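J.: predicted model follows, preceded by the sequence.
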Amino acid sequence: MPVRLRMAMHGRRHNRIFHLVAINQRTRRDAKPMELLGIYDPALKLGDTHKTVKWSVDRIRYWLGVGALPSKSVVKLLECGGILPPDSKYHPKVSGPKFGTESSKDSSSGSTSGLGMTSATS
């Protein structure tokens, strides 16, 4: 049974929260997960300056250790939180610049260090 680490969307429209879950990859997005690993709230509350992430680092590392594959959005979130290094094997590989095009000279790599996120481990 292939296991993925991915986001499940909950909450009302314009007030979404995302659960980081370990789930069978063949099930639908909001199906019952095997395990809830964390909660990501992208909305800024009144007076807050950072987005909130609460997760269980030990359980995330366990699932990665037994072979669960994280989705692209989960990889970005885990890299911002310092759980995965930026050059991890889960990081999507960027293809090199194509020769003979003007846009290849303007290629810039995005930095995820300035997202303004705080994390709370439990």
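T.: Great, that's in hand. Numbers count the residues shown, from 1 in each chain.

J.: host element of Ile20?
T.: Just to correct that, residue 20 is Leu rather than Ile. strand 15-24 (DSSP states H and E).

J.: which residues are contacting that strand?
T.: The contact list for strand 15-24 (Cβ atoms under 8 Å, 6 or more residues apart in numbering) reads 1-11, 31, 33-43, 55, 59-60, 63, 68, 74, 77. Bear in mind the C-beta positions are built from the backbone N, C-alpha and C, glycine included.

J.: restricted to helices, list these.
T.: 59-60, 63, 74, 77 (DSSP state H).

J.: residue contacts, the nearest residue to Pro2 once chain neighbours are set aside?
T.: Setting aside the residues directly before and after it, Pro2 is nearest to Gln25 in space (Cβ to Cβ, 6 or more residues apart in numbering), at 4.8 Å. With contacts defined as Cβ under 8 Å, 6+ apart, Gln25 is in contact with 2-4, 69.

J.: which of these are buried?
T.: 3-4 (16 or more other Cβ atoms under 10 Å).

J.: among the contacts of Gln25, which lie within strands?
T.: Among these, the members found in strands (DSSP state E) are 3-4, 69.

J.: mind listing what Met1 touches?
T.: Asn24 are the contacts of Met1 under Cβ under 8 Å, 6+ apart.

J.: reformat the contacts of Gln25 as TSV; add distance to Ser88 and pLDDT.
T.: TSV is the format used below for those (distance: Cβ to Cβ, whole Å; pLDDT from 0 to 100):
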residue	distance to Ser88	pLDDT
Pro2	19	91
Val3	17	94
Arg4	16	94
Leu69	12	94
